[in-house]
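Student: predicted structure and sequence below. I'll ask about it afterward.
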Amino acid sequence: MTENKIEGLNVYKEHKFLIFEFPDKKTVKYDLATGEAIGKLGKPVKNLQTQLKGYNVYDVIDQFENEQYKKYLRFLLRYFVNDKRSGWRTGDEVDRVKNVGTFLTKINQYSHFEQYFAAGIDNVDHMLSYKLSDIPKPLIKFVKEYNLPLDNKIVKYYKENPNMFDILMKTELRNFTKEIRYEILREPYSYSYQPFYLLIKEYNYNPVSLLKYIDNLITYEALDIRNISRELYDYARMMKCISPKYEKYPKHFLTTHKIASRNYQRLMEKYDEQVFINRIDPTLEWKYGNFKFIYPKNSQDIKDEATQQSNCVASYIRDVINGKCHILFLRHADTEEESLVTIEVRNNEVVQAKGRYNRDVTVEEQEVIDKYNNYLIKRMKQSKLVTEGEMITC
């Protein structure tokens, strides 16, 4: 709103008094502490509005030379209008608040806010319940620099995560402009579940690693900063339900997230674990050199494989239960716990073999798989011979 300077009217604060010097050289003093007023004739008066007849609230506020105190009074005016009428009002409606005397009597009731404006903090929430002395100085510096709204939530999150703001501001990132950092910190205001903070607090993401990962997603996958944290949170939530052995920072996030969503829906089904266990065929396990073909011990092993490999092998659990195929894991013998290649066997033959992110197998891995296929053929022939021998005996 444009300031409306009135020639000859001078208004300023002097200690606990508001001083009004009028064009006729007469002065009105208002005691903020007691609410008492000394009128133009130098005597105490009860009706301050009479002394300020002809001036509305904005006329008075605009006369102050101290910009921070002027911002403080405008803040209180918004508070007062909200308090009186039970809802925020438009600028025109605020203009129609004419009773400057009533407004001035309200100032002392909310004087605890004045210290914020005196400290240069312009963006203060009306419901802020902390004293300025209770707010950490680095947070004060931060909200001043970026004009973040200072409210109960941001103070609470800062106290719970005292290093978070420093980490966010000091970590060198390719794409993190002031606006992007601001959007991340605004999440406590915008969303009830604060995904960025929950990724750190509940899913044990490292703050610096998370920030750098988000930076890469902006660069290489063109994700919108306003959605990144929520999508990462959604991904972590689904993957943790599927298996705790998921990759926190997948190289191809959009593809991995899509696969995770599909697997999550499928894996929410309750599989008959006993039937799966009955399908386990230990004779399919085999070792060659430093490689081993391992049969999963339960359906959870396949879920773990899906999360570690970022593939959709979990959708094959039903086929294993129904006897349509077998799923095995090709691993290095000395690191059996680390996923390498996921194997699908149908009709005694490897029909699929994929590495992480569905990569093709290496030449060495293919040689081992060829040897394994030969083993499967020999195993099948031996099985037939045994069966025929049993028939002859019978």
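Tutor: Cool, got the structure.
Student: neighbours around the closest residue in space to residue 173 that isn't next to it in sequence, how many?
Tutor: In space, and not counting its chain neighbours, residue 173 is closest to residue 215: 4.3 Å by C-beta to C-beta, 6 or more residues apart in numbering. (C-beta placed from N, C-alpha, C; glycine too.) Using other C-beta atoms under 10 Å, residue 215 is surrounded by 19 other residues.
Student: relative to residue 174, how far out is residue 215?
Tutor: Computed as C-beta to C-beta, to the nearest Å, the residue 215 to residue 174 distance reads 5 Å.
Student: ok but residue 293 is inside a strand, no?
Tutor: Yes: per DSSP: H, G, I helix; E, B strand; the rest coil, residue 293 lies within a strand segment.
Student: pretty sure it contacts residue 332?
Tutor: No: using C-beta atoms under 8 Å, residue 293 is not in contact with residue 332, being 11.7 Å away.
Student: of these two, who's got more company?
Tutor: Comparing residue 293 with residue 332 by other C-beta under 10 Å, the one with more neighbours is residue 293, at 22 against 13.
Student: please name the residues that touch the more buried one.
Tutor: 284, 285, 286, 287, 328, 329, 330, 343, 372 (C-beta atoms under 8 Å, 6 or more residues apart in numbering).
Student: look up the closest residue to the fourth one, ignoring the ones flanking it.
Tutor: Ranked by C-beta to C-beta, 6+ apart and with sequence neighbours excluded, the top spatial neighbour of residue 287 is residue 333, at 6.5 Å.
Student: how about the residue nearest to residue 173, phi and psi?
Tutor: Note on residue 215: its backbone torsions stand at phi -60, psi -40 [degrees, to the nearest 10].
Student: could you check how far the residue nearest to residue 319 when sequence neighbours are not counted is from residue 368?
Tutor: Sequence neighbours aside, residue 325 is the residue nearest to residue 319 in space, at 4.9 Å (criterion: C-beta to C-beta, 6+ apart). Applying C-beta to C-beta, the value for residue 325 to residue 368 is 20 Å.
Student: same question for residue 71.
Tutor: Applying C-beta to C-beta to residue 71 and residue 368 gives a distance of 73 Å.
Student: could you do residue 278 as well?
Tutor: Residue 278 is 28 Å from residue 368, by C-beta to C-beta.
Student: looking at those two, which one has more neighbours?
Tutor: For the pair residue 278 and residue 368, the greater number of neighbours falls to residue 368 (21 against 11), based on other C-beta under 10 Å.
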